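Engineer: Quick one, fold the following:
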Amino acid sequence: MAEISELERRIKDALERIESGVGKIASAPEPIDVGENPEFVALTEALEAEKVATSQLEERVKNLHTQHDEKVRALEEHVETLKASSHEARNQVQQVMRTNQHLSASLQSLREAATTGVEPHLINQAMMSELDGLRTLRDADRAELDAILGKLQPMLKEA
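Structural biologist: This is a model prediction of the structure:
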């Protein structure tokens, strides 16, 4: 029974709200004909101009994103190229180091042989060869660093 009373009360409240809404609609002013209103026309034109400007800006943003993505892709490719060059240079340096180790071993043998009577100018020649090898290694390292820096500097300036 209590449920029926509650339902009646809710239906009664709903009918009152409907009646109130219908009353408001009936008392609303007549709609204005905006087709000839100059203010409405000006606002409509301004809205259209804003829509055009917005679409142009969206297109520019899209183009900027595309350009950015292309630059990032190019930089990634460039980094991969530099990594490959670095790996190749590292291999060359390792080879030069192995050569220097062999040369050092040869010099050690010559030093030992010098104690048994080998001519000193042969030892000097071997030492000069070792120094030349070390200079070559240093120059190769310097050239590698210069090449890497030369390629990185333009990218850093762009960034």
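Engineer: Pull the number of nearby residues for residue 71.
Structural biologist: Residue 71 has 13 neighbours, counted by other C-beta atoms under 10 Å. In this view, the C-beta of every residue, glycine as well, is placed from N, C-alpha and C.
Engineer: helix or strand for it, which one?
Structural biologist: Assigning secondary structure by DSSP states H and E places residue 71 in helix 38-114.
Engineer: Quick check: mean pLDDT of the helix or strand that that helix is followed by?
Structural biologist: For helix 38-114, the following helix or strand on the C-terminal side (DSSP H and E) is helix 120-158. Averaged across helix 120-158, the pLDDT comes to 79.
Engineer: What is the least confident helix or strand in this structure?
Structural biologist: Confidence across the helices and strands of the chain bottoms out at helix 2-27, with a mean of 77, counting by mean pLDDT, DSSP states H and E.
Engineer: Look up how far residue 111 lies from residue 135.
Structural biologist: 21 Å (C-beta to C-beta, to the nearest Å).
Engineer: Just want to know which of these two has more residues nearby.
Structural biologist: Between residue 135 and residue 111, residue 111 has the larger neighbour count (other C-beta under 10 Å), namely 13 against 10.
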